[in-house]
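*Asks:* Only the shape, not the letters, is given here:
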């Protein structure tokens with residue numbers, strides 16, 4: 001069953017909280033995205049920002065595994081959640 005937009009936002013918020021607790025990784029995310037601590041507070045409910053957070057964690061399998069193992073979540077759920085948020089649709093080249 002596909003992840004709904006609401007479920008995707010919840011997963012994005014879970015990832016955001018996980019990321020916020022990882023000081024070193026949070027610094028990497030902020031540097032890569034140009035985000036600030038204020039962005040975390042102000043945009044936590046923004047589906048586009050949550051999509052960016054999911055894009056970031058999906059860059060490294062070890063981050064996906066660490067997060068999902070800690071949550072008891074299937075590894076594929078993060079990619080499914082990303083697809084349900086703005087900008088996450090898979091491109092169709094045909």
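*Replies:* Good, I have the coordinates. Keep in mind the model is a prediction, meaning the values are calculated, not measured.
*Asks:* Check which residues of the helix or strand of the chain with the lowest mean pLDDT are buried.
*Replies:* None of the helices or strands of the chain scores lower by mean pLDDT, DSSP states H and E than helix 37-43, at a mean of 86. Going by neighbour count (16 or more other CB atoms under 10 Å), the buried part of helix 37-43 is 40, 43. In this view, the C-beta of every residue, glycine as well, is placed from N, C-alpha and C.
*Asks:* and after it, which helix or strand comes next?
*Replies:* helix 47-57 (DSSP states H and E).
*Asks:* buried set for that next one?
*Replies:* Under the neighbour-count criterion of 16+ other CB under 10 Å, helix 47-57 has 47, 49-54, 56-57 buried.
*Asks:* And the helix or strand just after that helix, what does it pack against?
*Replies:* Counting by DSSP H and E, the next helix or strand C-terminal to helix 47-57 is helix 61-71. Helices and strands touching helix 61-71, by 3 or more CB pairs under 8 Å, 6 or more residues apart in numbering; DSSP states H and E, are helix 5-20, helix 47-57, helix 76-84.
*Asks:* Can you name the residues in contact with the last one?
*Replies:* Contacts to helix 76-84, defined as CB atoms under 8 Å, 6 or more residues apart in numbering, come from residues 2-5, 7-8, 11-12, 15, 51, 54-55, 57-58, 64, 67-68, 88-90.
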